[in-house]
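Participant: Provide a 3D model corresponding to the input given below.
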Amino acid sequence: MPGGRLTQQERQQIAAGLADGLAYAEIARRLDRPTSTVTREVMRNGGPTAYRADLAHRATERRTHRRRPAAPREAQAPERAHGRDTEAVREYEEVFTNVMMASGMPTMMARVMACLTLTDSGSLTASELAQRLQVSPASVSKAITYLDSQGMIRREQGERRRERYIVDDDVWYQSMLASARAIAQIVEIAQQGVGVLGAGTPAATRLENVARFLDFVSESTTRAAEQAREILHTRPRTAPSEAAGPGSDHG
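Facilitator: Take a look at the predicted model:
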């Protein structure tokens, strides 16, 4: 299996594979490359719908020749925490960020979300985020405001009255509920529009169909989030034989 950076010809093959609707694994097989290499390449350069071989190649060359000043020692993540490959973690964080950007999340919000999610503590202050991401406190503040409004993080008072921003198992549940509430508001407005435009008119009928569709989506999202939370937060009960232990006296 070849190693090293992707060539321009390989990038053209990736673009052709995406245009043909091939899965990452199939494209990787044809290139004799790991699937993770193709996935990272695509998500780093616009995602499957916006990937362009020539632009991706030039972007990679710019990254290769770019010389950034070393980050302050306190801003760097602990090297090889838990035996991890630091470079692999860095590259994965970039892929994770790009996936969220492809879903519609703004760049800085995606970077902050990825940073919090991939931190073992799942908790950082604004200054810690600014140091890790090498951005201004104002950029972090704007991203935090957005993520908080979407229910994707929660705030907690830390030491010296510094707020900590947290991503935990419950955050995605709260985010799904926030999304369902936002959809429900659209349903309500669409239903009001039916009355304004006149029931039975083409525009009103269109709004009525929108309301019915989104109402179903909103209710389904809430129901699925509740069920998933209940399942994931319910610990399996220990079997009696396991609870007794190997040394128990059954006689």
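
Participant: can we go C-alpha only for contacts and neighbour counts from here?
Facilitator: Will do.

Participant: Outline the domain layout of this structure.
Facilitator: Split into domains by automatic domain parsing, the chain comes to 8-63, 73-166, 171-233.

Participant: mind listing the helices for the protein?
Facilitator: In the chain, the segments counted as helices under DSSP state H are 8-19, 24-31, 35-44, 53-65, 86-102, 107-117, 126-133, 137-149, 171-197, 202-233, 240-244.

Participant: Just send the ones you listed back as CSV, with mean neighbour count, distance to E156 and mean pLDDT too.
Facilitator: Formatted as CSV, the helices of the chain follow (neighbours: other CA atoms under 10 Å; distance: least, CA to CA, whole Å; pLDDT from 0 to 100):
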stretch, mean neighbour count, distance to E156, mean pLDDT
helix 8-19, 18, 43, 91
helix 24-31, 17, 40, 90
helix 35-44, 20, 33, 86
helix 53-65, 14, 37, 76
helix 86-102, 17, 24, 84
helix 107-117, 21, 14, 92
helix 126-133, 19, 12, 92
helix 137-149, 16, 12, 92
helix 171-197, 17, 13, 92
helix 202-233, 15, 22, 93
helix 240-244, 10, 37, 50
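
Participant: center of this structure - which residue?
Facilitator: Geometric centre of the chain, nearest residue: M100, 4.1 Å, by CA atoms, centre = their mean.

Participant: Nearest residue to that residue in space, please, no chain neighbours.
Facilitator: Leaving aside its sequence neighbours, M100 sits nearest to A110 (CA to CA, 6 or more residues apart in numbering; 5.9 Å).

Participant: thought that neighbour was touching M101?
Facilitator: Yes - using CA atoms under 8 Å as the test, A110 is close enough to M101 to be in contact (6.1 Å).

Participant: Correct me if wrong: A204 contacts Q192.
Facilitator: No - using CA under 8 Å, A204 is not in contact with Q192, being 9.6 Å away.

Participant: which other residues reach stretch 96-103?
Facilitator: When contacts are defined by CA atoms under 8 Å, 6 or more residues apart in numbering, stretch 96-103 is touched by residues M43, R44, G46, G47, T107, A110, R111, M113, A114.

Participant: What's the separation between the second one and T97?
Facilitator: If I follow you right, that is R44. 9 Å (CA to CA, to the nearest Å).

Participant: Can you measure across stretch 101-120, start residue to end residue?
Facilitator: 22 Å.

Participant: An error on my part: the question was meant for stretch 148-168.
Facilitator: One end of stretch 148-168 sits 13 Å from the other (CA to CA).

Participant: quick one: buried residues of that stretch?
Facilitator: Q150, G151, M152, I153, R154, E163, R164, Y165, I166, V167 (16 or more other CA atoms under 10 Å).

Participant: Would you convert these into a markdown table that also reports pLDDT?
Facilitator: Conversion of those to a markdown table gives the following (pLDDT from 0 to 100):
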| residue | pLDDT |
| --- | --- |
| Q150 | 85 |
| G151 | 84 |
| M152 | 88 |
| I153 | 90 |
| R154 | 88 |
| E163 | 90 |
| R164 | 92 |
| Y165 | 93 |
| I166 | 91 |
| V167 | 91 |
